[in-house]
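Student: Dropping the sequence and predicted coords here.
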Amino acid sequence: MSFMSAILSEKFITIACDGQLTRPDGTLQGGFHKYFKLKNTLIDTIYIGGTGSADALIQLKKYMTQQSVKMDWKTAREYLVLFLSSNHDFFKENHDSTYLMVGTDRLNKRTRGIAFEVGKSITESKYFGGSEHLSYIFATPPDVNYEDVKKTFLELADGVGVADANRLIQAQREIFKYVASKSATVNTEFIQKRINTNV
């Protein structure tokens, strides 16, 4: 299991993960990006990421990028749900995981984020929270309490304006350090991407 997070405001999105990949033979590899940019889009900027099986994430990337249709936010969400549903048996045999999608929905002039927990069933994730102007997603490993992560982030972000990208990005880094200090499955390699949206 690993840790992923995303912070969304009207002006920017930042997505982050640890870089540790556990191979089937148990060996560890660093530098693994647990998210990717969807390139076959119309006007929206969309990133998709996941925790759990690296093989599943690689298959998801291949599936999403091989579609001939040019996707907007709504279409990309539909294809993501279709992939998760049609491959549910594969996910059940592997680790429980969380998949998130963040990006712009230019048709509705807003940023969006969604997360799905995939285990015995596929459910829209409880890991999503926030307000109209600032939202967050934290996909936490099982040995870290989600409520503690959320509380710590809200304390770090208290009083920070939604336009203050640098301070929110720093809060995201601090949350990563907090999770890495509590979890045996999250390494200390931090990979982060800022996406300017201006919707």
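Tutor: Nice, thanks for sending it over.
Student: Give the rounded mean pLDDT of stretch 181-199.
Tutor: Across stretch 181-199, pLDDT averages out at 84.
Student: Beyond the longest helix anywhere in the chain, next helix or strand please.
Tutor: In the chain, assigned by DSSP state H, the helix with the most residues is helix 165-182. Using DSSP states H and E, the helix or strand that follows helix 165-182 towards the C-terminus is strand 190-196.
Student: Please find the angle between the direction vectors of that following strand and helix 165-182.
Tutor: Strand 190-196 and helix 165-182 meet at an angle of 160 degrees, taking axes from the mean of the first three to the mean of the last three CA atoms, to 10 degrees as the criterion.
Student: And strand 190-196, what's buried?
Tutor: Neighbour counts over strand 190-196 (16 or more other CB atoms under 10 Å) mark 190-191, 194-195 as buried. In this view, the C-beta of every residue, glycine as well, is placed from N, C-alpha and C.
Student: if we take those, which one ends up nearest to residue 120?
Tutor: Lowest distance from residue 120 to these (CB to CB) belongs to residue 191, with 29.4 Å.
Student: need the contact list for the closest residue to that closest one other than its chain neighbours.
Tutor: Among residues not flanking residue 191 along the chain, residue 19 sits closest, at 4.9 Å (CB to CB, 6 or more residues apart in numbering). Residue 19 makes contact with 30-34, 187, 189-191, according to CB atoms under 8 Å, 6 or more residues apart in numbering.
Student: rerun at 7 Å
Tutor: Residues in contact with residue 19 (CB atoms under 7 Å, 6 or more residues apart in numbering) are 30-32, 187, 189, 191.
Student: Same question for residue 197.
Tutor: For residue 197, the contact set (CB under 7 Å, 6+ apart) comprises 11-13, 45, 104, 111.
Student: Pull the most distant pair out of the residues you listed.
Tutor: Farthest pair in these, by CB to CB: 11 and 45, 12.8 Å.
Student: Settle it for me: which of these two has more neighbours?
Tutor: residue 45 (18 against 15; other CB atoms under 10 Å).
Student: Show the pLDDT at that one.
Tutor: 92.
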